[in-house]
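Colleague: Got a sequence here, can you build the structure:
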Amino acid sequence: MHVNDAGQGWTWLLLVICLITTVGTTVPVGYFFGVLNAPAEIIKSWCADILPSEYDTISSGNQLNLLWTCIVSIYLIGGIVGSCFAAWFTDRYGRKGCLIISSVMLLICGLFFTWCRAAKSLEMLMTARFFGGIASAFIVTAHPMYLLELAPVSISGSVGVFTCIGITGGILLSQIVSMPQVLGNEEHWPYALSFYGLLVLICLLPLLSFPESPRWLYLVKADADKSAMALQRLRGKQSNVQQELNDLEATLRLKSKSSSMWQVLRDKELFLPLLLVCAFQATQQLSGVNAIFFYSLSILTEAGFSTQAATWLNMSIGGFNLLTSLLGPLLLRKFDRRPLMINSCGLCALSLAGMSFSLYYMLSTLSNGLSYVSILFILTFILGFQLGLGPIAYFIGSELLEDAPRPVAMSMGSLFSWTGNFLVGMCFPLLQQVWSSFAFMPCMCVCILCLILTWRYLPETRGREPKDVKPLMCQGFRSKIN
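Modeller: Prediction:
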């Protein structure tokens, strides 16, 4: 990565903004996803202890499992709810403003996590999970838009991948912090749940000083002076930003009125890009990646590893996931979006099929060697996922759609992402019970469908403005991307 002060690529300020916003906003999103896995039995035991004394309820094992399902899934429900309002918040308060609001919400949730055991309150625990989901939905919508609207077109893919890197890093951090040897024990589990708050607090003060999106300032707030000042800060004092301001002025004159959700949904020219955004976000979750991380311990123990070995292997897989995500900025700067997405979907589908059959024959033949083949397919799947499905799905809406419909499209994509995540959490255990090792086959089919959709309808967006891509998709399913 070459950092310069000429304004044509990476500048030091842009790099700092990417790092600080990633650590302070998207890392906590990933942290929420993974932090409940290790201390699950400890928190369940606490719930069983306080139900008779505080709620005058004696729970059976099934009722306790149902309560735990609610505690886990209410975060995803919060994400679905937050996605419905994310577009309005990003337009009303700005991209940076939405991230600040989300950070404050996450800090309040952290306080609830810290004190829920002392207060003997399930309501505090569930409220924190629910509003953490809302804040996470705001972040997933606003963060990629903010970074892409700050960056020059030439490095849009490189900055867009930071959302995926942050979530991936958050999952790994949660696995480490929630280990019994760290904070995931009976004495310290509330601090494990709220540990992310330190990152939010450290990064919030720098975030307040960063410039707002110049595009939002110019096109939504109609404040050309502040937009020019923000661009000058981002590109460097010696850079000439007049051409970018002229482009913004031209965009403002041609600005579409399709800004509300209803208007975007009714606009036939926006049907295909909106479909691609929603399909990519849904496939990202339905591809099986969350099933692997939600149930990786049970998958590894089913593959014949001891509980201790499975725990360390699970953490190693999380580390591999983070390392492969770090390839994103380089890959997206060097390669086009279309081949990356096509290869990503294809490799994920093949890996899921291989993992399913290797697990099946391992259980049939009791072969220890096949357990390592299963791990190899898991790693291959993660590599394929980070080639395209992981990073591109988060920011493709900013490259396909112009400024007016962009917040709605990103919000709709986020809605499909959280809904897909919720469906995986609810349905995958049932599929495991019915189909055993073949529970990943529906995920494989989703990847194949996404591959076909990408091959037929996704135009190349690297190095292009949304206004140049729009004519290639305005005919819906009759569009010709070439």
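Colleague: Skipping adjacent residues, who's closest to residue 44 in space?
Modeller: Of all residues beyond its chain neighbours, the one nearest residue 44 is residue 68 (5.5 Å), with distances taken as CB to CB, 6 or more residues apart in numbering. Quick note: C-beta positions are derived from backbone N, CA and C, even for glycine.
Colleague: got any ranges where the stretch 1-150 of the chain has weak pLDDT?
Modeller: Within the stretch 1-150 of the chain, the segments meeting pLDDT under 70 span 1-8.
Colleague: Identify the residues contacting stretch 19-32?
Modeller: Here stretch 19-32 makes contact (CB atoms under 8 Å, 6 or more residues apart in numbering) with 75, 99, 102-103, 106, 129, 132-133, 136, 139-140, 143, 146-147, 162-163, 165-174, 177, 195-196, 199-200, 202-204, 206-207, 210.
Colleague: make it 6 Å
Modeller: Contacts of stretch 19-32 from elsewhere in the structure, counted by CB atoms under 6 Å, 6 or more residues apart in numbering, are 75, 99, 106, 132, 136, 139, 143, 162-163, 166-167, 169-171, 173-174, 196, 199-200, 203, 206.
Colleague: still on that earlier bit, am I right that the residue nearest to residue 44 is in a helix?
Modeller: Yes. Residue 68 sits within a helix when classified using DSSP: H, G, I helix; E, B strand; the rest coil.
Colleague: Please name every helix or strand in contact with the host helix or strand of residue 308.
Modeller: Using DSSP states H and E, residue 308 sits in helix 307-325. Applying 3 or more CB pairs under 6 Å, 6 or more residues apart in numbering; DSSP states H and E, one finds that helix 307-325 makes contact with helix 162-177, helix 296-302, helix 369-384.
Colleague: which of these sits most buried?
Modeller: Comparing the helices and strands packed on helix 307-325 by mean neighbour count (mean count of other CB atoms under 10 Å), helix 162-177 ranks first with a mean of 24.
Colleague: Test my guess that residue 164 contacts residue 391.
Modeller: Yes. The criterion here is CB atoms under 6 Å, and residue 164 meets it with residue 391 at 4.2 Å.
Colleague: rewinding a little: compare the helices and strands packed on helix 307-325 and give me the one nearest residue 332.
Modeller: helix 162-177 (10.3 Å; CB to CB).
Colleague: what's the next helix or strand after that closest one in contact with?
Modeller: Per DSSP H and E, helix 162-177 leads on to helix 189-194 as the next helix or strand towards the C-terminus. Helix 189-194 is contacted from outside by 35, 39, 42, 110, 113, 114, 117, 177, 178, 183, 184, using CB under 6 Å, 6+ apart.
Colleague: Can I get helix 189-194 in CSV? Just the C-alpha atoms.
Modeller: Extracted C-alpha coordinates of helix 189-194, given in CSV (Å, rounded to 0.1, in the frame of the first residue of the first chain):
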residue,chain,number,x,y,z
TRP,A,189,-18.3,-13.2,31.9
PRO,A,190,-20.1,-9.8,32.1
TYR,A,191,-16.7,-8.1,31.3
ALA,A,192,-16.2,-10.5,28.4
LEU,A,193,-19.5,-9.3,26.9
SER,A,194,-18.7,-5.6,27.4
